[in-house]
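>>> Sequence and predicted structure, then a few things I'm wondering about:
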Amino acid sequence: MSDYRDFAAAQAALANPSTPAADLAQIAQAQPALRAAVAWHPSAYAELLDWLSAYGGPEAAAAVEARRGRDAAVGPSAAGAVSETPVDPNAFWSKPSADQPFVAPQPPQVVSQGWSPAQGWSQQPAAQYQPAAEPPTSPARKGRRPLVLAGVGVVVVALVAGGVVTNGFGLLPAAGGAATPEEEAVALVDKTIHLVDSFSARDLFNNPIKAMAELTAEVAPSEQALMSKLDGEQTQPNLVEWLGLSDATINWVGDGVAAFSVKADGLQASATSVSDDVSRVALTGGTITIDADLDALRTVLSQAVPTIDQQAKDFFAKYGLDSSLPSVGETLDADWVDESIAKLDQELPKTFDLADLAKLADECASAFDTCSSADPALDGADVALAKQLTMFVVREDGRWYYSSLLNVWEDYMPLISDNGEFDVSKLSPIEISPTKHDDPAEAAQALARAAVTGDVRKIGAELPMPERRVLEVFGSQMPASSSGSDYQVDTAQFSVAKQAGDQARLHIDSLQVSSQGLWSSGTTEIYDGTCVKDSYGTEGCLKDYVSEQGVKGWFATQDPTSYTWQSFQTETGVDAAKFLDTAQRAAVAAVTSLDLDQLGPVAVKDADGWHVSATATASDLQNQAYNAIAAGLRAVAVK
């Protein structure tokens, strides 16, 4: 499959009317500037168009609406016709002038092909509108089997291998950790299996982190301490309340999980030292077996359609919306339960031999996305699990713990490394000495001045220990930055908006950054917390948009009779005008519950003094977002 991170490859693929649907999804993800052109391609399927409309940005959304309007006018067969005329990929791309923004392609004038001669570029434009979710990789098909090994077993086993334990979100349960790196890896697997065996759907939906407290105890305490507690305990989405989940739905989900079992036997691990307090552990031996009670599972599946249908009605009714949504059973084959059970009966029990998977992990190295095993006994599920067989653990206060930050950054490193090349086996840790600050505002000033230098050591010195540890481990393979020659901080003034113990939320009074580089010059200022004035003199404040007036202004632009909202009405069975009214009231309640003066970076205090933490800041913003969502939903819930 082509690498669509290359703009020219993506451009050529879009000019080829035979490009497969799955490739279009990759192009939409990798090349935001080409999403409008993706919408016109004959292989663009309904789910991908929905995704482009929701997440692709205004140009892509406009292209989707235009294409759907054209398709409705000329008919789907004509709209999808493919020209037999050879295609010159370069004929459809031209470079716009410097002041000309990207414009969505217009419908073709002569031969209706489902795509159009789009405006484009001879060089790659800057990416915009990063999505909130990945595009669907293939069209939905009637009769999809929702429960096969690839959809259930692999997820469970990947969780067992530690992939799900990527945050500690505010819990400090009973002491975890282990005496050695190897013991910590095995303990993590054992506790995950225990979590599966003792699964409580009600606990998970009410508070997912508390439901996984046994696992979060294995996350490094220093990383757990970065979770924001400025407004009390870490907020979690209460799905029972938000979605109006009924007891029948909760019990049904619980019964479905309980029908599966996971067992580990003879687990072995091998550790490689990265530094004195960091190790990389691989699971190298033993087995993990997935099985299921197929009779119990058949009962669960037989209840799926009425349970899901009723839950959908309960959800809409909770917010005063009537829905004529058709039964989910209409999208399934009549014998889908029998086929799902027959498939699982062939594939279960499934035993993963970790020694074989360890060899597969060595064979695949970093090429997991394209790797397949030469051993016919190993399938795609084995490759998926092999990717999860290694993990970073760290030593704190004499015990070893799972490191969320290091494991997340390992996945992120190929995206920022030079030419996408990253070899975890060639780590060369660096030592970074922290700068000690006695005041949180002073720490923010220091980080701002370090950040513009692009120097890993200078930036790391201004971070709390867990984040500094990330730069110590991966810093030698991070690309060098030349930003220090282009940018400088002229003013950095912060004040404490709120402090609770060893955490402080900061208010940006004034942060001025000037640049004299080749590509830009001038001064940009952030002031009064969330106001920005750029180098062209354009300025605006978040409070002008995130306000009752701003929300109502946006909803005033939404026409319930438009193609987009009529499609929504058709697909959900909910009156578009009533939905927009309900959504507006919820949005107003959400934004008015926010205190925008309380948005800002968060500093934490540890043994090395005060430092601003990206993790704590993200955690704090997440807290405030969850609280705002909850306020909005409660405002429109039927009492």
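The structure has been received and is ready for your questions.
>>> tell me, how many neighbours does residue 31 end up with?
Counted with other CB atoms under 10 Å, residues neighbouring residue 31 total 23. All C-beta atoms are positioned from the backbone trio N, CA, C, and that covers glycine.
>>> excluding its backbone neighbours, what's nearest it?
residue 10 (4.6 Å; CB to CB, 6 or more residues apart in numbering).
>>> and the one you found, helix, strand or coil?
Look at residue 10: counting by DSSP: H, G, I helix; E, B strand; the rest coil, its state is helix.
>>> list the contacts for it?
Residues in contact with residue 10 (CB atoms under 8 Å, 6 or more residues apart in numbering) are 2, 4, 27, 30-31, 34.
>>> Closest one to residue 556 out of these, please.
When these are compared for distance to residue 556 (CB to CB), residue 34 wins out at 31.2 Å.
>>> Just confirm that closest one is within a helix.
Yes: applying three-state DSSP, one finds residue 34 inside a helix.
>>> Buried residues of stretch 338-345, list them for me.
For stretch 338-345, the neighbour count (16 or more other CB atoms under 10 Å) marks 339-341, 344 as buried.
>>> Hmm, I typed the wrong one, I wanted stretch 522-535.
Buried, per 16+ other CB under 10 Å, within stretch 522-535: 524-531, 533.
>>> wait, isn't residue 453 in contact with residue 459?
Yes: counting by CB atoms under 8 Å, residue 459 is a contact partner of residue 453 at 7.4 Å.
>>> For those two, indicate the residue with more neighbours.
Taking other CB under 10 Å, residue 453 and residue 459 do not tie; residue 459 has more neighbours (20 against 17).
>>> wait, what's in contact with that one?
Residue 459 neighbours (CB under 8 Å, 6+ apart): 447, 450-451, 453, 471.
>>> before we move on, what about residue 278?
392-395, 403, 406, 429, 469, 473.
>>> Please enumerate the strands of the protein.
Assigned by DSSP state E, the strands in the chain fall at 260-275, 278-292, 350-353, 390-396, 399-402, 487-500, 503-516, 521-527, 531-533, 539-541, 602-606, 609-613.
>>> what packs against the first one?
For strand 260-275, the packing partners by 3 or more CB pairs under 8 Å, 6 or more residues apart in numbering; DSSP states H and E come out as helix 149-160, helix 181-197, strand 278-292, helix 465-474.
>>> What helices and strands are in contact with the longest one?
Put plainly, it is helix 181-197. Packing partners of helix 181-197 (3+ CB pairs under 8 Å, 6+ apart): helix 149-160, helix 213-216, strand 260-275, strand 278-292, strand 390-396, strand 399-402.
>>> and residue 35, how many residues sit next to it?
Using other CB under 10 Å, residue 35 has 30 neighbouring residues.
>>> now residue 307
Applying other CB under 10 Å, I find that residue 307 has 18 neighbouring residues.
>>> pretty sure it contacts residue 249?
Yes: Residue 307 is within contact range of residue 249, at 5.9 Å (criterion: CB under 8 Å).
>>> Nearest residue to residue 296 in space, please, no chain neighbours.
In this structure, residue 296 finds its nearest non-sequential neighbour in residue 259, 4.3 Å apart by CB to CB, 6+ apart.
>>> And the one you found, its phi and psi?
Backbone geometry at residue 259, expressed as degrees, to the nearest 10, gives phi -70, psi -20.
>>> Can you report how many residues neighbour it?
Using other CB under 10 Å: residue 259 sits among 21 other residues.
>>> From residue 301, how far off is it?
9 Å (CB to CB, to the nearest Å).
>>> Same check on residue 501?
As judged by CB to CB, residue 501 and residue 301 stand 49 Å apart.
>>> Which one of those two is surrounded by more residues?
Using other CB under 10 Å as the criterion, residue 501 and residue 301 rank with residue 301 on top: 20 against 9.
>>> residue contacts, the more buried one?
Applying CB under 8 Å, 6+ apart to residue 301 gives the contacts 147, 336-337, 340-341.
>>> if we can go back for a sec, mind telling me the two of the contacts of residue 278 farthest from one another?
Top of the distance list for the contacts of residue 278 (CB to CB): 393 and 429, 14.7 Å.
>>> any idea how far the longest helix anywhere in the chain is from the chain center?
Identified as the longest helix of the chain according to DSSP state H is helix 614-636. How far helix 614-636 lies from its chain's middle: 17 Å, per CA atoms, centre = their mean, to the nearest Å.
>>> Can we start the residue count at 55 from this point?
OK, 55 is where the count begins now, so the last one is helix 668-690.
>>> what helices or strands is it leaning on?
Counting contacts by 3+ CB pairs under 8 Å, 6+ apart, helix 668-690 packs against helix 293-297, helix 519-528, helix 630-647, strand 656-660.
>>> if you set the cut-off to 6 Å instead, what comes out?
Under the contact criterion of 3 or more CB pairs under 6 Å, 6 or more residues apart in numbering; DSSP states H and E, helix 668-690 touches helix 630-647, strand 656-660.
>>> Which parts of it count as buried, going by neighbours?
Within helix 668-690, the residues that count as buried by 16+ other CB under 10 Å are 668-671, 673-674, 676-678, 680-687, 689-690.
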